[in-house]
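Enquirer: below are the sequence and a predicted model for it; my questions follow.
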Amino acid sequence: MTGRRMTIMVGAAAGLILPWLGLAPSAVAAAAGNLGCSAGAHTLSAPGSVLYPETGNGGYTSVHTLVHLVYSATANRFLPGNRVVLTDRATQCLTSFSLDFERQSGNSAGPDMTVSSVTVNGHPARFSFVQPTYPGDPNGPNDPNPDAHAASESNPVGGAEDNPLPPACTPELTSTDVTADSMDGTSCPANKLVITPSAPIRDGATFTVTVNYTGRPGVHNDGDGTTEGWFRASDGGFVTTEPVGSEDWMPLNDYPTAKPSYDFSDTVTAGRTVIANGELVSVQHHAASKEFPGGSVTWNWHAGMPIASYLVEDSVGNYSLTSRVVDGIRFYQAQDLSISAAQRKKNLAIMDMQADITAFESEFNGPFPFASDGIVIGTPDASFDEEMEGMIAFSGGEIDTDTLYHENMHQWWGDNVSEGGYRMTFYKEGLATLAEFLYAARLAENAAGGPSTAKGQAAFQASLVKQFNQIYGSGGGFWTTAPSNPIPYSLFDTSNTYDRPGAAYIALRQILGPARFDAALRQLQRTYGGASVSEAQLEAVFGRWLPIRSGACQQRLSQFFTQWFDTAYASGGGPNRPMITGPGLAGPGFYRAPGVCG
């Protein structure tokens, strides 16, 4: 699909190079090439990546996004006027750039949307949809070889045609019963929205992109057969999107390190409530119109903090919505009114715990990083609950305490400090799993007399040791996938992404000591808050908090991380598992003697 060709915009504020005014398109292209301008990369993944290598877009930094939905909750459709306005900053001279947007899908609950127009700095721009190519393709994004645009869970693609190239995208498995390699070699969908302004955008320029689109939002089929995105509810839509489902309801730079701030100004069917990230600013009611015969309402939310692509919340439905301020933090509570009154009462009892849970988790992580926190409980039976930034989404009409501890911990880990790429999913899920371990330890502590008593403190510690030892005793295939190197099919497996790294953090807490472990967590928040962290950066911070900074201890800590995060073992457990643990835990300890590593 191609948009209208536009005239060249005048003005340095537009980020355009004025000497090109009046030149023919071929001359503009030649001039751009002479000055080193080029197309932005169509991925942010590293060469050889198998975890959603099609996502992310280069050549610019995402700064701010205004979401303006015009949504009929009765028809489940985006109406004319629906758009997103993205403010970006060029990191090179750009002849074109791209966004991620899955307009159509084979899933019956998938999206069916149409882009009507795109503007750059208010002026019409050309646009088209193309397939991704594998990261690092020397022939570029327009590689004529079909094998360069193929899906796979592994590298190289293989499949029926024995494709020797790396994958360009992750297969969209139709169910969790489908084997991981059943779609190897299939063609990647054309989900790259490539936008070409009439003249290049200069390096360092800030520019705005408006994408106008209509149609039905929907869900994305993952590499493990589950779905995420915009789930249809009887009274609107429910949004839960990890890892890549945001592109099934809005165009964006869909990668964890792309973290713009957000504003939402959603006009929806009268009587519906919009639940989004950040804080509610205003609600405006409108009279009947052609699009909304029964009237409409506009909900305005402001989220001034950076938000990773998979953490954008924007649900619409018949929600109750209340809020309260505790210790300077505003806590929102929203439940779909179609949930039974009895279940809503049970849910509310757990939702009321959020302020206390936040205070408890702050003892380890440092201050809560945002101005608000909240919970939205929707009715669709999504395959997971999710830590949407500042507005945790629970599906299926229910909430449970253990999961709330987990998802609330994510507000620090994954939300404020995001993963540097999909391979780092284990880092933040492990810390959220640690929150579940800490919750169990808290219960034991309270039963033994409370945190101010020696017995309570001993019970807290004993609970963590017990939980670690149970995990460390796992056999079978528990240790066979390295947390930092899953395929899409195993990205959210409990063993490698949740329990194993969660146990590793308990061991690390034993190695550093509780106070130094907490200090390392707080330093990570101070250093990388609002941004993302790599595995090397994560490990370096923990290394700085070793109680003994000798070369031998640093080397042993490096071995610890390699064994726990980066090593795939043979099946069976026993000797086929990490051989460095921590003081007081099952398995070989970290210290040979007090003060001596080895």
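Expert: That came through, no problem. Treat the numbers as computed from the prediction; the structure is a model and nothing was measured. Numbering: from 1, shown residues only.
Enquirer: what's the following helix or strand after the strand ranked longest in the chain?
Expert: Secondary structure of the chain read by DSSP state E shows that its longest strand is strand 206-216. Per DSSP states H and E, the first helix or strand lying C-terminal to strand 206-216 is strand 219-221.
Enquirer: that following strand packs against which elements?
Expert: Using 3 or more C-beta pairs under 8 Å, 6 or more residues apart in numbering; DSSP states H and E as the contact test, the elements touching strand 219-221 are strand 227-233. From N, CA and C alone the C-beta is placed, and that goes for glycine too.
Enquirer: strand partners (parallel or antiparallel) of the strand it packs on?
Expert: strand 219-221 (antiparallel), strand 236-240 (antiparallel) (DSSP bridges).
Enquirer: how far does the first one sit from its chain's centre?
Expert: In other words, strand 219-221. When C-alpha coordinates are averaged (C-alpha atoms, centre = their mean, to the nearest Å), strand 219-221 and its chain have centres 15 Å apart.
Enquirer: other residues contacting that strand?
Expert: Judged by C-beta atoms under 8 Å, 6 or more residues apart in numbering, the contacts made with strand 219-221 from elsewhere in the structure are 102, 105-107, 109-111, 172-174, 227-231, 241, 244-245, 247-248.
Enquirer: recalculate using a threshold of 7 Å.
Expert: Identification of contacts with strand 219-221 by C-beta atoms under 7 Å, 6 or more residues apart in numbering yields 102, 107, 109-110, 172-174, 227-231, 244-245, 248.
Enquirer: if we only consider these, which is nearest to Tyr52?
Expert: For the contacts of strand 219-221, the minimum distance to Tyr52 (C-beta to C-beta) is 5.5 Å, reached by Val244.
Enquirer: does the closest one really touch Glu54, like I thought?
Expert: No - the pair Val244 and Glu54 does not pass the contact test of C-beta atoms under 7 Å, sitting 8.6 Å apart.
Enquirer: who's in contact with the most centrally placed residue in the chain?
Expert: For the chain, Tyr310 is the residue whose C-alpha lies nearest the centre (C-alpha atoms, centre = their mean; 3.3 Å). The contact partners of Tyr310, taken as C-beta under 7 Å, 6+ apart, are Thr241, Glu242, Pro243, Val244, Ser246, Pro256.
Enquirer: could you check the pLDDT of Arg549?
Expert: According to the per-residue confidence, Arg549 scores 87 in pLDDT.
Enquirer: Serialize the strands paired with strand 227-233 to a markdown table and add fields for mean pLDDT, mean neighbour count and distance to Ala125.
Expert: Converted to a markdown table, those look like this (pLDDT from 0 to 100; neighbours: other C-beta atoms under 10 Å; distance: least, C-beta to C-beta, whole Å):
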| stretch | mean pLDDT | mean neighbour count | distance to Ala125 |
| --- | --- | --- | --- |
| strand 219-221 | 97 | 26 | 26 |
| strand 236-240 | 98 | 27 | 28 |
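Enquirer: just put these in TSV and tack on distance to Leu337.
Expert: As requested, these are exported to TSV (distance: least, C-beta to C-beta, whole Å):
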stretch	distance to Leu337
strand 219-221	23
strand 236-240	11
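Enquirer: which one of the ones you listed lies closest to Leu443?
Expert: Leu443 lies closest to strand 236-240 among those, at 27.8 Å (C-beta to C-beta).
Enquirer: neighbouring strands for the helix or strand just after that closest one, and are they parallel or not?
Expert: Counting by DSSP H and E, the next helix or strand C-terminal to strand 236-240 is strand 261-269. Strand 261-269 has its sheet partners listed here by DSSP bridges as strand 60-68 (parallel), strand 70-72 (parallel), strand 296-303 (antiparallel).
Enquirer: model confidence over whichever helix or strand comes after the second one, on average?
Expert: This points to strand 70-72. Past strand 70-72, heading to the C-terminal end, the next element that is a helix or strand (DSSP H and E) is strand 77-78. Along strand 77-78, the predicted local confidence has a mean pLDDT of 98.
Enquirer: who are the packing partners of strand 77-78?
Expert: In terms of contact count using 3 or more C-beta pairs under 7 Å, 6 or more residues apart in numbering; DSSP states H and E, strand 77-78 is assigned the packing partners strand 206-216.
Enquirer: what's the strand it packs on in contact with?
Expert: Counting by C-beta under 7 Å, 6+ apart, strand 206-216 makes contact with 15, 63, 76-80, 82-90, 111-121, 195, 201, 251, all of which sit outside it.
Enquirer: ok, back up a step: next, the angle strand 227-233 makes with the longest strand of the chain.
Expert: For the pair strand 206-216 and strand 227-233, the angle between their directions (axes from the mean of the first three to the mean of the last three C-alpha atoms, to 10 degrees) equals 60 degrees.
Enquirer: strand 206-216: which residues count as buried?
Expert: Thr206, Phe207, Thr208, Val209, Thr210, Val211, Asn212, Tyr213, Thr214, Gly215, Arg216 (16 or more other C-beta atoms under 10 Å).
Enquirer: out of those residues, flag the one nearest to Val70.
Expert: Of all these, Thr214 has the smallest distance to Val70: 8.4 Å, by C-beta to C-beta.
Enquirer: element containing the closest residue to Asp499 other than its chain neighbours, please.
Expert: Beyond its immediate neighbours in the sequence, the residue positioned closest to Asp499 (C-beta to C-beta, 6 or more residues apart in numbering) is Ile471, lying 5.3 Å away. Taking DSSP H and E as the criterion, the element that holds Ile471 is helix 454-472.
Enquirer: on that earlier part again, could you list which of the contacts of strand 206-216 belong to strands?
Expert: 63, 77-78, 83-90, 112-120, 195.
Enquirer: buried subset of the residues you listed?
Expert: Buried members of the ones in strands among the contacts of strand 206-216, scored by 16+ other C-beta under 10 Å, are 63, 77-78, 83-90, 113, 115, 118-120, 195.
Enquirer: rewinding a little: what's the closest of the contacts of strand 219-221 to Gly294?
Expert: Nearest to Gly294 among the contacts of strand 219-221: Trp230, at 22.3 Å, using C-beta to C-beta.
Enquirer: confirm that the residue nearest to the centre of the chain sits in a helix.
Expert: Yes - if the criterion is DSSP: H, G, I helix; E, B strand; the rest coil, then Tyr310 is within a helix.
Enquirer: distance-wise, check it relative to Asp415.
Expert: 10 Å (C-beta to C-beta, to the nearest Å).
Enquirer: including distance to Gly378 and mean pLDDT, could the strands paired with strand 261-269 go into JSON lines?
Expert: Listed next are those as JSON lines, based on distance: least, C-beta to C-beta, whole Å; pLDDT from 0 to 100:
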{"stretch": "strand 60-68", "distance to Gly378": "18", "mean pLDDT": "98"}
{"stretch": "strand 70-72", "distance to Gly378": "15", "mean pLDDT": "98"}
{"stretch": "strand 296-303", "distance to Gly378": "16", "mean pLDDT": "98"}
